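Asker: attaching a predicted model along with its sequence, questions to come.
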Amino acid sequence: MSSESGPRPGEVRDPRPGDPRDPGPASAPVPARRPLIERIGMAVIAVVLAALFGGVALAAWAGGEVFLAAMGAIGCLMTLWVGAITLFRG
């Protein structure tokens, strides 16, 4: 007999690694929040990148490139969103 315990009779297990029903280690550490100064710094970087995306969107709109303007505006909004999440949820 092997020392490894298999599935119980009638139990169906996912043969792939990472079975979603596997509880994993019971003592998984909870990640600590980033320091406030680090979160502020990353949010500032996100604002700078969002300004660049916004500039691309405005320049593309002025040049008549509507699709590029839309993509730049979406990039601007997504970057601002991630910066806000980084700052407030950290």
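Answerer: All right, it came through fine.
Asker: the biggest helix by length in the chain: what's the following helix or strand?
Answerer: Counting by DSSP state H, the longest helix found in the chain is helix 36-62. Next in sequence after helix 36-62, counting helices and strands by DSSP states H and E, comes helix 66-89.
Asker: what's the angle between that following helix and helix 36-62?
Answerer: Orientation check (axes from the mean of the first three to the mean of the last three Cα atoms, to 10 degrees): helix 66-89 against helix 36-62 gives 170 degrees.
Asker: mind giving me the packing neighbours of the longest helix of the chain?
Answerer: helix 66-89 (3 or more Cβ pairs under 8 Å, 6 or more residues apart in numbering; DSSP states H and E). Using the backbone N, CA and C atoms, a C-beta is placed for each residue, glycine as well.
Asker: follow-up on the earlier one: quick one: the longest helix of the chain to chain centroid distance?
Answerer: From the chain centre to the centre of helix 36-62 is a distance of 17 Å (Cα atoms, centre = their mean, to the nearest Å).
Asker: buried residues in that helix, which are they?
Answerer: Under the neighbour-count criterion of 16 or more other Cβ atoms under 10 Å, helix 36-62 has R39, M42, A43, A46, L49, A50, F53, G54, V56, A57, A60 buried.
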